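Asks: got a predicted model here, sequence first, then my questions.
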Amino acid sequence: MTSFYDEISRNKRDSYLLMLTVFLILIGIAYIVSSIFESTFLLILMTFISIVYILTGYYYSDRIVLAVSGAREADPKRYIYLHNVVEGLSIAAGIPKPKVYIINDDAPNAFATGRDPEHSAVVVTTGLLKIMNREELEGVISHEISHIKNYDIKFMTLIAVLVGLVSMIANISTRMLLFGRGNRRNGNIILMIIGLIFIILSPIFANLIRLAVSRRREFLADATGAKITRYPDGLANALEKLKTHNTHVKTATDATAHLFIASPLKKKISNLFSTHPPLDERIRRLRAM
């Protein structure tokens, strides 16, 4: 039988390792381009662009996500039941109560966003509130509270920003290598060819890493949520219900899909390209706790 702590430790270790890989890809692109053009200025420029991009994404991504998702603050009187659940589980988790938002959508789903426990929000759809009983709703909210407590909201924001940055830098670098006037010595031509292959493939690898990180953080949030409620079956039963319902949220996009408790998009061809691990595997792990 797997303990809460074993599950949490394993997922944290794997997630940080995957994030480090994305950093190394980004460093590799910058090094290749600056070496071919023999320009320290390019390396400094790429570093500056990266810092600005990361800071902007980090501080404003939650507002963008809430706006894009069509989320509105949940009225404390109309949704007092939801507010009470969020407040109670926040106290149990030892974090400030997040803001509570609602998405008017019949698809049952939920997500958390923000940059830290002091600047966070829990978002649920009206469809989720319709089908969950108290224990199941507590399971779902504990999962989202766990994302906040574990700083997944910060971690996933950074990884998403990094992957976007890799794609942007790779696109710029490809154009520079194809149409620029770098040093054309034989050694550099070979480096340029290798660099082009690496740069073209790097956004694909980086996105696969983002998806793998997302899947790992879902397992981690499941384990931590079970630890908070001390009742893994509550979340397991909620996931069983999500299996039988269409969780496709109309306002969800590829950029926000990884935030939800269950994939809000149409089913992917392979689990390798999915933002979430299979629900059956998540349920199996919860039942084994």
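Replies: Nice, I can see it.
Asks: for Tyr79, give its distance to Gly139.
Replies: Distance from Tyr79 to Gly139, counting by CB to CB, to the nearest Å: 18 Å. (C-beta placed from N, C-alpha, C; glycine too.)
Asks: higher neighbour count, the two?
Replies: Comparing Tyr79 with Gly139 by other CB atoms under 10 Å, the one with more neighbours is Gly139, at 28 against 19.
Asks: tell me the helices and strands packed up against the helix or strand hosting the more buried one.
Replies: Using DSSP states H and E, the element containing Gly139 is helix 134-149. Helices and strands touching helix 134-149, by 3 or more CB pairs under 8 Å, 6 or more residues apart in numbering; DSSP states H and E, are helix 80-93, strand 110-116, strand 119-125, helix 126-131, helix 152-179, helix 186-229, helix 232-243.
Asks: and the last one with helix 186-229, angle?
Replies: Helix 232-243 and helix 186-229 meet at an angle of 120 degrees, taking axes from the mean of the first three to the mean of the last three CA atoms, to 10 degrees as the criterion.
Asks: make 13 the first number, not 1, from now on.
Replies: With the count now opening at 13, the last piece we talked about shows up as helix 244-255.
Asks: next SSE downstream of helix 244-255?
Replies: helix 291-299.
Asks: sorry, back to before: let me have the helices and strands packed on helix 146-161 in JSON lines, extended by mean pLDDT and mean neighbour count.
Replies: Formatted as JSON lines, the helices and strands packed on helix 146-161 follow (pLDDT from 0 to 100; neighbours: other CB atoms under 10 Å):
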{"stretch": "helix 92-105", "mean pLDDT": "95", "mean neighbour count": "17"}
{"stretch": "strand 122-128", "mean pLDDT": "88", "mean neighbour count": "23"}
{"stretch": "strand 131-137", "mean pLDDT": "94", "mean neighbour count": "24"}
{"stretch": "helix 138-143", "mean pLDDT": "96", "mean neighbour count": "18"}
{"stretch": "helix 164-191", "mean pLDDT": "73", "mean neighbour count": "19"}
{"stretch": "helix 198-241", "mean pLDDT": "77", "mean neighbour count": "19"}
{"stretch": "helix 244-255", "mean pLDDT": "94", "mean neighbour count": "21"}
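Asks: in TSV: those, plus distance to Leu78.
Replies: TSV is the format used below for the helices and strands packed on helix 146-161 (distance: least, CB to CB, whole Å):
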stretch	distance to Leu78
helix 92-105	16
strand 122-128	7
strand 131-137	7
helix 138-143	16
helix 164-191	12
helix 198-241	19
helix 244-255	22
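Asks: which of the ones you listed sits closest to Thr68?
Replies: Among these, helix 164-191 comes nearest to Thr68, with 8.4 Å by CB to CB.
Asks: so which of the helices and strands packed on helix 146-161 is nearest Asp74?
Replies: Across these, closest to Asp74 is strand 122-128 (CB to CB), at 4.5 Å.
Asks: tell me how far that closest one lies from the chain's centre.
Replies: Distance, stretch centre to chain centre, for strand 122-128: 10 Å (CA atoms, centre = their mean, to the nearest Å).
Asks: next, the angle strand 131-137 makes with it.
Replies: Per the same axes, to 10 degrees, the angle that strand 122-128 makes with strand 131-137 is 170 degrees.
Asks: contact partners of strand 122-128?
Replies: 70-71, 73-74, 77-78, 81, 110, 132-137, 140, 152-153, 155-157, 159-160, 163-166, 169, 268, 271-273 (CB atoms under 8 Å, 6 or more residues apart in numbering).
Asks: mind redoing it with 6 Å?
Replies: Residues outside strand 122-128 that contact it (CB atoms under 6 Å, 6 or more residues apart in numbering) are 74, 77, 132-136, 140, 152, 156, 159-160, 165-166, 271-273.
Asks: could you do stretch 93-101 as well?
Replies: Ala86, Pro88, Lys109, Val112, Val134, Leu149, Glu150, Ile153, Ser154, Ile157.
Asks: buried ones among those?
Replies: Among these, those classed as buried by 16 or more other CB atoms under 10 Å are Ala86, Lys109, Val112, Val134, Leu149, Glu150, Ile153, Ser154, Ile157.
Asks: understood, closing this out.
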